[in-house]
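Predicted model and sequence below, questions to follow.
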Amino acid sequence: MEDKKKVLLGVSGGISAYKSVYIASGLKKKGYDVHVIMTEGAEKFVTPLTFETMSGNKVVTDVFDPANETPTEHITLGQSADLVLIAPASANTIAKLAHGIADNMLTTTMLACTCPILISPAMNTHMFENPATQENLEILRRRGYELIEPATGMLACGVEGKGKMPEPDVLIGYVEQWISKEKDMEGLNVLVTAGPTEEAVDPVRFITNHSSGKMGYAIARMAARRGANVTLVSGRTALPREPFVETVDILSAEDMFRAVTERAPGMDIIIKAAAVADFTPANPAGEKIKKADLVPNETEGFGGMSISLAPTRDILAYLGEHRHEGQFLCGFAMETQNLLKNAAVKLVKKNVDMICANSLRTRGAGFAGDTNVVTILTRDGIQQLPLMSKLDTADAILDEIMKRR
Ligand code: CTP
């Protein structure tokens, strides 16, 4: 990171304050200058010394503390921060922020802040759902605060429900999303597809492939970090939802065709990283296929059972045919042999601007891993990207797209 960005971590009174220690530590490890402000309630759960040790900076708790670096520390901190994350944000702190009450260091500093403020409410489900809290959150939302939805699960009070603070890594992801990237894709509508498709054989079975969705999700995340409005049309994956991305869940190639083509006219950039099935069972059974109902093959018995397949519609080729002026289309090609030749054919045949080719045979590339080795093909040349994380690969692909569109 060229210049150290300053993150203010506001910690208010809630049991998940202990998790915020990991946020402070994680952000520091990523190279941010982390300053922690604690409320009196927070100090009941974790001591300032813990945060001081993890952040490497003095923790401020009191507006009038003579030990503060400046007599107007709330203004200094508020004005110098690049971003604020309040995690956990208690119902009380949320209420104070909504009404401009400045009775502690955190709420006073927030009034002096001009940078983006992210809030992670964490509390008992009933407290969270109480209209008082919901209306206060709505006020903050209208003022431009970014509200991070609490997770659902077993709460410290023993109740199962919504109100958990998301895991530290998720919140760190939000911080990075807001401050780590130049917003060079601001205002652009980007559609990304990811993951496998599932083609039903009967209500119980389906045909699918090994796609993990990681490459497409990485592209969606980086495009959102760069300021784009991102829609992710995703097959079933084990990946968590990407923050700041509108995700449309689909199962089959036909679902994906509909979800993509419906939205395509409004898109500036479409990146098709999904592994779409080329064939689907021609006549999926309405009920579970039972062995007893099958007519055994004379020579092979049930071992000879076959499923007849019909081709799916090629979504990328359809987009290539129906593209509008200025729309940028990028496809992927996953090959096991003749990578460049096959990818070059797809570039022309599908009438797209770019194909990102990757081979299952290359070490560090492929479905489930966190790295990839991509060759970018365009009409005017070939660019080989090195072995990189899928996130860095995603960023490099977006760099190329932004250069060319
Ligand atoms: N693709 C698509 N719709 C399909 C099949 C593929 O949109 N029904 C897209 C993929 O998302 C990818 C690109 O086309 O961006 C290339 O996919 P790939 O499976 O590598 O190639 P195919 O065109 O299916 O050809 P083949 O399977 O013969 O390699």
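Now that the structure is in, tell me what you want to look at. Numbers count the residues shown, from 1 in each chain.

Every contact and neighbour count from this point should use C-alpha atoms.
Noted.

Those residues of the chain touching the ligand, which are they?
272-278, 312-316, 331-334 (CA under 6 Å from any ligand atom).

Type out the PyMOL command that picks the buried ones from those.
In PyMOL, this line selects whichever of these come out buried by 16 or more other CA atoms under 10 Å:
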select buried, resi 272+273+274+275+276+277+312+313+315+316+331+332+333+334
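
quick one: which of the residues of the chain next to the ligand sit in strands?
Among the residues of the chain next to the ligand, the members found in strands (DSSP state E) are 272, 331, 332, 333, 334.

In this structure, which helix is the longest?
helix 390-404 (DSSP state H).

how far is that helix from where the chain is centred?
16 Å (CA atoms, centre = their mean, to the nearest Å).

got a list of contacts for it?
Contact with helix 390-404 is made by 214-215, 218-219, 222-223, 328, 370-374, 376, 385, as judged by CA atoms under 8 Å, 6 or more residues apart in numbering.

Helices along the stretch 101-250 of the chain, start to end?
105-112, 125-129, 131-142, 168-179, 214-225 (DSSP state H, counting those that start in this stretch).

re the thing from before, may I see the buried residues of the longest helix of the chain?
Per 16+ other CA under 10 Å, helix 390-404 contains these buried residues: 390, 391, 392, 393, 394, 395, 396, 397, 398, 401.

how near is the fourth one to the ligand?
Using CA to the nearest ligand atom, to the nearest Å, residue 393 is found at 16 Å from the ligand.

before we move on, what about the third one?
Residue 392 sits 19 Å away from the ligand, going by CA to the nearest ligand atom.

Renumber starting at 117 from here on
Okay, using 117 as the starting number, the last item reads as residue 508.

tell me the two of the contacts of helix 506-520 that are most distant?
444 and 486 (26.0 Å; CA to CA).

Just the CA atoms of stretch 124-141, as CSV, please.
The C-alpha trace of stretch 124-141 is given here as CSV (Å, rounded to 0.1, in the frame of the first residue of the first chain):
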residue,chain,number,x,y,z
LEU,A,124,-11.0,4.6,12.9
LEU,A,125,-12.5,1.6,14.6
GLY,A,126,-15.3,2.6,17.0
VAL,A,127,-16.1,0.0,19.6
SER,A,128,-19.2,0.2,21.6
GLY,A,129,-20.6,-1.9,24.5
GLY,A,130,-21.5,-5.4,23.3
ILE,A,131,-20.1,-8.9,23.9
SER,A,132,-18.8,-9.0,20.3
ALA,A,133,-16.3,-6.2,21.3
TYR,A,134,-13.9,-9.0,21.8
LYS,A,135,-14.1,-9.9,18.1
SER,A,136,-13.2,-6.3,17.3
VAL,A,137,-9.7,-7.0,18.7
TYR,A,138,-9.2,-9.3,15.6
ILE,A,139,-10.4,-6.5,13.3
ALA,A,140,-7.9,-4.1,14.8
SER,A,141,-5.1,-6.7,14.5
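
mind checking how far that stretch is from the chain centre?
In terms of CA atoms, centre = their mean, the centre of stretch 124-141 is set 22 Å apart from its chain centre.

what's the nearest residue to the residue nearest the centre of the chain if we skip its chain neighbours?
The residue lying closest to the centre of the chain (CA atoms, centre = their mean) is residue 358, at 2.1 Å. Excluding the flanking residues, the one nearest residue 358 by CA to CA, 6 or more residues apart in numbering is residue 337, at 6.5 Å.

beta partners of the residue lying closest to residue 196 once chain neighbours are set aside?
Nearest in space to residue 196, with sequence neighbours left out and distances taken as CA to CA, 6+ apart, is residue 122 at 7.3 Å. On the basis of DSSP bridges, residue 122 is bridged to residue 149.

Helix or strand: which one has residue 211?
According to DSSP states H and E, residue 211 maps onto helix 207-214.

counting contacts, what elements does that helix pack onto?
If contacts are counted by 3 or more CA pairs under 8 Å, 6 or more residues apart in numbering; DSSP states H and E, helix 207-214 sits against helix 221-228, helix 247-258.

Please identify the most buried of the ones you listed.
Of all these, helix 221-228 carries the top mean neighbour count, a mean of 21, counting by mean count of other CA atoms under 10 Å.

and that one, how far from the chain's centre?
For helix 221-228, the distance to the chain centre is 29 Å (CA atoms, centre = their mean).

Let me know the average pLDDT across that helix.
Regarding helix 221-228, the rounded mean pLDDT is 96.
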